[in-house]
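Q: Whatever this is, show me its structure:
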Amino acid sequence: MNLTPSPRARELLGALTSFMDECVYPAEAEVTKQRAAGLPAGHEPAVLDSLRDEAKRRGLWNLCVPGLSGLGYLDYAYIAEVTGRSPDLAPKSINGGAPDSVNMVMLDAVATADQRTRFLDPLLAAKSGSAFAMTEPAVASSDASNIATTIRRDGDEYVVDGHKWYISGAANPRCNVLFVVGMSDPTASAHRRHTVVAVPAGAPGVTIHRAMSVFGYDDDSAEISFDSVRVPAANRLGEEGHGFAVGQVRLAAARLQHCMRMVGLAERALELTCRRAEERLAFGGTLSRKGQLTAQVAESRIALDQTRLFVLHTAALVDSLGSRAAQSQISAAKVLAMRTAVTVLDRAVGVHGAMGVSADSPLARWWALARGLHIADGPEEVHLEVLARNELAAQEALAR
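A: Alright, predicted model coming up:
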């Protein structure tokens, strides 16, 4: 299988690398200062506005939506890896940050003309933000059929009642629409009970209780309740009862983007590890001459190259066969990429010692981000079960 990026993707990668070197990396210090000065949870650093303008000027805008950019999943995987090297700035700078990136993919696939105007166009222009409200505190949301929020039809409206949390993007003041998953027909089969509706973030009955944290670090996710929230029936995405199908549209993009961003982040962590190892003296020599450290560097290189190739192969399969046919590979990629990222980052923290666990280095924050993604977009255990179930079925079919 040819995993080479297209000529257009190679051109964009060159432009993106220059953008990172000239604009994104130099802005990271300012973000650190703003955080230290008390940047509120969920709020974006001010420098993002200028970075977005520059990304548009350089033609690095809205590359994450295949139907608009013309890039396949394989091409965008290469771009996602580069943006992963600066997770707080780069993805959003090119309008490719979660959850907006995959919500735009979803809307491009399922939205009506009216919904594209009201919901998709503002996201494409980065004039607003969005969230996908699925996870609930009272049920095991890893099994999406447990979702208990209700979406009840009442004439020309839907009425939404429920409680959600860890809703990415919802703590951002720019977020003005919540795509809510809720039960619309409890008597239907398990995967035909739920519907997705678009709920304005400021609608009566929507209460954002608090911004959430991940391992103690501020996040842009929030806890939200919906108390008899009314929205027009025209705000329903897809058909009633097809909520899982609508959600699946965004999941392949979400998981592959997360995987390659984590590869990029881990690559940068490995670079920091090697630099630190060359600079620090301990027990009569630099850390780079210590056998345990050199073994860790070698293991990290092997794991990163394996992971990158696996995710690129999976992206190419999605391009050629579709996400359903590549379900096992997507699940495996999600498990592999997060394990690799956490392992490489954990080694980087260790090599940096006290600096690694402090707020003076980004490594602890990056580790928390990677570890949290073991759970987000489907916990690792669920992906392993999907992979095993498909493998057992395939082997049984071969044995017949």
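
Q: Which stretches in the stretch 201-350 of the chain count as helices?
A: Ranges of helices in the stretch 201-350 of the chain, per DSSP state H, counting those that start in this stretch, are 243-279, 291-321, 327-352.

Q: Let me see the contact set for residue 149.
A: 133, 136, 160, 161, 162, 163, 164, 180, 181, 182, 183, 226 (Cβ atoms under 8 Å, 6 or more residues apart in numbering). (C-beta placed from N, C-alpha, C; glycine too.)

Q: okay if I get those as a markdown table plus distance to residue 211?
A: Compiled in a markdown table, the contacts of residue 149 are given as follows (distance: Cβ to Cβ, whole Å):
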| residue | distance to residue 211 |
| --- | --- |
| 133 | 15 |
| 136 | 17 |
| 160 | 21 |
| 161 | 23 |
| 162 | 19 |
| 163 | 16 |
| 164 | 13 |
| 180 | 19 |
| 181 | 21 |
| 182 | 22 |
| 183 | 26 |
| 226 | 18 |
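
Q: Identify, from those, the entry nearest to residue 214.
A: residue 164 (16.2 Å; Cβ to Cβ).

Q: Helix or strand next in line after the helix or strand where that closest one lies, which one?
A: Using DSSP states H and E, residue 164 sits within strand 157-167. Going down the chain from strand 157-167, the next helix or strand is strand 175-183, by DSSP H and E.

Q: Just the buried residues of the helix or strand following that following strand, please?
A: Remark: after strand 175-183, the chain's next helix or strand is strand 194-200, criterion DSSP H and E. By 16 or more other Cβ atoms under 10 Å, the buried positions in strand 194-200 come out as 194, 195, 196, 197, 198, 199.

Q: for the protein, what helix or strand is lowest in average pLDDT?
A: Within the chain, no helix or strand scores below strand 281-282, which has a mean of 72 by mean pLDDT, DSSP states H and E.

Q: May I ask you to name the longest strand in this structure?
A: Taking DSSP state E as the criterion, the chain has its longest strand at strand 217-232.

Q: May I have stretch 7-24 as CSV, with CA atoms only?
A: Presented in CSV, the C-alpha positions along stretch 7-24 are these (Å, rounded to 0.1, in the frame of the first residue of the first chain):
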residue,chain,number,x,y,z
PRO,A,7,1.7,16.3,-4.1
ARG,A,8,-0.8,18.8,-2.7
ALA,A,9,-0.4,17.4,0.8
ARG,A,10,3.4,17.6,0.5
GLU,A,11,3.1,21.3,-0.5
LEU,A,12,0.8,21.9,2.5
LEU,A,13,3.2,20.1,4.9
GLY,A,14,6.0,22.4,3.8
ALA,A,15,3.9,25.5,4.4
LEU,A,16,2.7,24.1,7.7
THR,A,17,6.2,23.3,8.9
SER,A,18,7.3,26.9,8.1
PHE,A,19,4.2,28.2,9.9
MET,A,20,5.1,26.2,13.0
ASP,A,21,8.7,27.4,13.0
GLU,A,22,7.9,31.0,12.3
CYS,A,23,4.6,31.6,14.2
VAL,A,24,3.4,28.8,16.4
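
Q: contact partners of it?
A: 5, 51, 54-55, 58-60, 63, 70-71, 75-76, 78-79, 82-83, 85-86, 89-90, 93-94.

Q: give me that answer again for 6 Å
A: 51, 54, 58, 60, 75, 78, 82, 86, 89, 90 (Cβ atoms under 6 Å, 6 or more residues apart in numbering).
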